[in-house]
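S.K.: Can you look at this prediction? I've put the sequence above it.
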Amino acid sequence: MEKALDLIAYGIARVLIACFARLPLATSLRIGDAFGKGVFYLSGKRRVAYVNLRNALGERLTPRARWKAVRDHYGLMAQNIVEIMSFPKLTPAHIGQNIRIHGLEKFEALAKSGKGGVLLTGHFGNWELLQVVAGLRGTPIHVLARDQKYPRLNELLNKLRETHGSVAVSRGAGIRSLVRALKEGKLIGVLADQSAGKTEGIILPFFGIKTSVPTGAFELAVRTGSLLMPCYMVRVEHARHEIFVGDVLRDDPSATNEERIESVARQYLASLEEFISKYPGQWLWENKRWKYSWSRRILILSDGKAGHFKQSDVVAGMISSLTEFHGRPGLEFETVKAHIEYRSAGHRSLLFALAPLMRPWIQGRLNWLAPFLTEESYRAIENARADFIVTAGSSLAPVQQLLARETGAKTVVIMKPPFPYALMPYDLAVVPAHDEGPVPKRTFRSVIMPSGYRAVDRSGDIAALKAKVGDISRIRIAVFLGGKTRGYDIMAPDAEKIAMILRRLSRSGLEYMVTTSRRTTKNVEQFLKNVLSRDPACRYLVVANEENPPYAAGGMMGLADLIIVTEDSLAMISEAVGSGKRVIVLVAGQGDLPAKHYRFHQTLSQRGLVTLCCLEDLERTVAELLNKAASPVIDREKNALLQKLGELL
């Protein structure tokens, strides 16, 4: 099959060469430009090109300008192909009329130096034409060429490259001829702008993103004592080009070879960035240049709910804990938070319904979100760059899907997305086992909420809390009270019973700390302040709606031997389980919780991670658990999730 395709491709190329030989070059190039811009609308790679352009140049280009640059590039690439097929009919007169060379004296000085020179360029403009220009000017060069997939087509391309005296050299054994040419004082041409892969090359920033850079050209120069000179060709219009010859790169022979290679590589990348920024439509954007990257950005979308943000923050922290990529150290993460607020509930509902229809067309049209979001929220994501977008909360599903399409980021969602978003593609969904219904295809089922996986150094929180409460030798219990959620609430009589039990427990020498949540009703808060503030055994009381120190929850969990959490708070239960302490899930309050809450409680209870307890049995259960060993932290599940997150890299 491959031989047949090779023969077909070769035959088509020969026919096109014959056709273009009979047409004026200007006409051929216009045909190529129109054809390439037509292919743009059919190519899936245009989306890769848009994302690369967005990540590299950011706000320097508007979305409209990005798409124009990508479309122009498709036209440029088709013109390159036409021009390569027309190499045999190019003449010195054509070069003199259509190609202007800036810095020609630098090139001529390099050619006459006798030291050998490495001309560094990239997949920029018509890079193949550079060797033809050099040959027609009487200075043919040796060019390192990558072999194409099909042998016949590859041989034909090399013949076209060598039409005017330059020599095409394949990788591998052909490198010897490059070394020989340099030692003889000749010039060679190398494309040095593409990725070196996951294990080769050196890691350097390119447009601020750390990625692998091939070092072969730089090693050749250092090994042979040759000079390195960047050189770029820019297509001005159809057959007209400009060539920019740069200065010889600075090199310090007294430095180590590794230092010299890194120094000249950085100089080359800086010059390449300059030209790409100036002529963005001329570079090969559709190639996955940053596929192997050691700089990643995590964008957390927040709906303003502290519990949801905590889940996202923990998962983002787990991603950030990864320090190697393909066995190479230096992996870095930047985490950014964007608060998403809708203009109204109606705007939220409308976007929820429209987003699936908008998604295929959103790239380059992120301004479609502006009417739905507050101005501040839209500005936070308008030019955001992200490799991962992490969310928790159903209201964020439309924004996450649309923004991921725009940026090319991978999506991580915590908790089951609402219908129909559960059927849409996610790179990873972390869905607790108690959530029922359809889930995304790539789902990790967890026992607890991700907040329980947090590997927290609580020493700072503990120290801050110690400074607040003083002597803590007898503090044994931390109580986390929830409050109103849907049809459920903790009422004043429930709070009164809890307070009575805590006071009875204190007679045996126990001390305790209590915190409410933002959902706790005012009458319960007032009761607790009136009663517990007078109990010496209550060493710390936090009313979250009045004051909620950042060290409170962590400090309480760190100091306590036993943690009591009311049944309504799934996130706090998960965090308590993750602390490795003994945990009581207190069944208290009026009304019914959603069914998933009860499934969650039962799952944890069956695994021995919590003890379910009603108010009537609380005093006895506390006494029993204080004499038992704590349940182990579920490290196996945490490590399994960490492995899944690592696979996303």
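M.R.: Cool, got the structure.

S.K.: Any regions of this protein where pLDDT drops low?
M.R.: Where the chain drops to pLDDT under 70, the residues are 172-174, 455-457, 629-633.

S.K.: Determine which residue lies closest to the centroid of it.
M.R.: By Cα atoms, centre = their mean, the chain has its centre lying nearest to residue 387, at 1.2 Å.

S.K.: does that residue really touch residue 290, like I thought?
M.R.: No: under the criterion of Cβ atoms under 8 Å, residue 387 lies out of contact with residue 290, with a separation of 9.2 Å. All C-beta atoms are positioned from the backbone trio N, CA, C, and that covers glycine.

S.K.: Going along the chain, name the helices of the stretch 351-500 of the chain.
M.R.: All helices of the stretch 351-500 of the chain, identified by DSSP state H, counting those that start in this stretch, fall at 375-382, 397-407, 459-469, 492-506.

S.K.: can you tell which of those helices is closest to residue 348?
M.R.: Ranking the helices of the stretch 351-500 of the chain by distance to residue 348, with Cβ to Cβ as the measure, places helix 397-407 first at 8.4 Å.

S.K.: now the angle between helix 375-382 and that closest one, please.
M.R.: On the basis of axes from the mean of the first three to the mean of the last three Cα atoms, to 10 degrees, helix 397-407 is oriented at 40 degrees to helix 375-382.

S.K.: For helix 397-407, give me every contacting residue.
M.R.: Residues lying outside helix 397-407 but in contact with it, judged by Cβ atoms under 8 Å, 6 or more residues apart in numbering, are 51, 54-55, 299, 301, 340, 351-352, 354-356, 358-360, 362-364, 366, 368-369, 373, 381, 384-386, 389, 391, 409-411, 413, 417-418, 421, 424.

S.K.: Kindly recompute the last result at 7 Å.
M.R.: Contact with helix 397-407 is made by 51, 54, 301, 340, 351-352, 355, 358-359, 362-363, 366, 369, 381, 384-386, 389, 391, 411, 413, 417-418, 421, 424, as judged by Cβ atoms under 7 Å, 6 or more residues apart in numbering.

S.K.: With adjacent residues omitted, what lies nearest to residue 556?
M.R.: Counting by Cβ to Cβ, 6 or more residues apart in numbering, the nearest residue to residue 556 once its immediate chain neighbours are dropped is residue 478, at 4.0 Å.

S.K.: make that residue 216, sorry
M.R.: The spatial neighbour of residue 216 that comes closest, neighbours along the chain excluded (Cβ to Cβ, 6+ apart), is residue 190 at 7.2 Å.

S.K.: Pull the number of nearby residues for that neighbour.
M.R.: 24 (other Cβ atoms under 10 Å).

S.K.: Repeat that for the one 10 residues further on.
M.R.: Here the count is done by other Cβ under 10 Å, and residue 200 has 13 residues near it.

S.K.: and it, that's in a helix?
M.R.: No: with DSSP: H, G, I helix; E, B strand; the rest coil as the criterion, residue 200 is located in coil rather than a helix.

S.K.: ok, it to residue 219 distance?
M.R.: Applying Cβ to Cβ, to the nearest Å, one obtains 12 Å for the distance of residue 200 from residue 219.

S.K.: Any idea what the residue nearest to residue 556 is bridged to?
M.R.: In this structure, residue 478 has the following beta-bridge partners (DSSP bridges): residue 513, residue 563.

S.K.: what sits against it?
M.R.: Residues counted as contacts of residue 478 (Cβ under 7 Å, 6+ apart) are 513, 556, 557, 560, 563.

S.K.: picking up where we left off before, my guess is the residue nearest to the centre of the chain contacts residue 411. True?
M.R.: No: the criterion here is Cβ atoms under 7 Å, and residue 387 misses it with residue 411 at 10.9 Å.

S.K.: Return the most buried member of the helices of the stretch 351-500 of the chain.
M.R.: Neighbour counts (mean count of other Cβ atoms under 10 Å) averaged over each of the helices of the stretch 351-500 of the chain peak at helix 397-407, with a mean of 24.

S.K.: Return the alpha-carbon coordinates of that helix using PDB.
M.R.: The C-alpha trace of helix 397-407 is given here as PDB (Å, rounded to 0.1, in the frame of the first residue of the first chain):
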ATOM      1  CA  ALA A 397     -19.300  23.600  32.800                       C
ATOM      2  CA  PRO A 398     -20.200  25.900  29.800                       C
ATOM      3  CA  VAL A 399     -17.300  28.300  30.400                       C
ATOM      4  CA  GLN A 400     -14.800  25.400  30.900                       C
ATOM      5  CA  GLN A 401     -15.900  23.700  27.600                       C
ATOM      6  CA  LEU A 402     -15.800  26.900  25.600                       C
ATOM      7  CA  LEU A 403     -12.500  28.100  27.000                       C
ATOM      8  CA  ALA A 404     -10.800  24.700  26.500                       C
ATOM      9  CA  ARG A 405     -11.800  24.800  22.900                       C
ATOM     10  CA  GLU A 406     -10.300  28.300  22.500                       C
ATOM     11  CA  THR A 407      -7.000  27.500  24.300                       C
END
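
S.K.: that older thread, considering the contacts of residue 478, which possesses the most neighbours?
M.R.: Highest neighbour count within the contacts of residue 478, by other Cβ under 10 Å: residue 556, with 29 neighbours.

S.K.: burial of residue 590, as a residue count?
M.R.: Per other Cβ under 10 Å, the neighbour tally for residue 590 reads 11.

S.K.: Show the backbone phi and psi for it.
M.R.: Summarising the backbone geometry of residue 590 under the convention degrees, to the nearest 10, its torsions are phi -120, psi 140.

S.K.: give the contact list for it.
M.R.: With contacts defined as Cβ under 7 Å, 6+ apart, residue 590 is in contact with 489, 491.

S.K.: how about a cut-off of 10 Å?
M.R.: Contacts were defined as Cβ atoms under 10 Å, 6 or more residues apart in numbering; by that measure residue 590 touches 487, 488, 489, 490, 491, 493, 494.

S.K.: farthest pair in those?
M.R.: Counting by Cβ to Cβ, the most remote pair of the contacts of residue 590 is 487 and 493, 17.5 Å apart.

S.K.: and stretch 99-109, C-alpha only, in CSV?
M.R.: C-alpha atoms of stretch 99-109 as CSV (Å, rounded to 0.1, in the frame of the first residue of the first chain):
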residue,chain,number,x,y,z
ILE,A,99,14.8,38.8,-3.9
ARG,A,100,16.4,41.5,-1.8
ILE,A,101,19.1,40.5,0.6
HIS,A,102,19.7,42.5,3.8
GLY,A,103,23.2,42.0,5.3
LEU,A,104,24.7,40.4,2.1
GLU,A,105,28.1,41.6,3.2
LYS,A,106,27.8,39.4,6.4
PHE,A,107,27.1,36.3,4.3
GLU,A,108,30.0,37.0,1.9
ALA,A,109,32.4,37.6,4.8
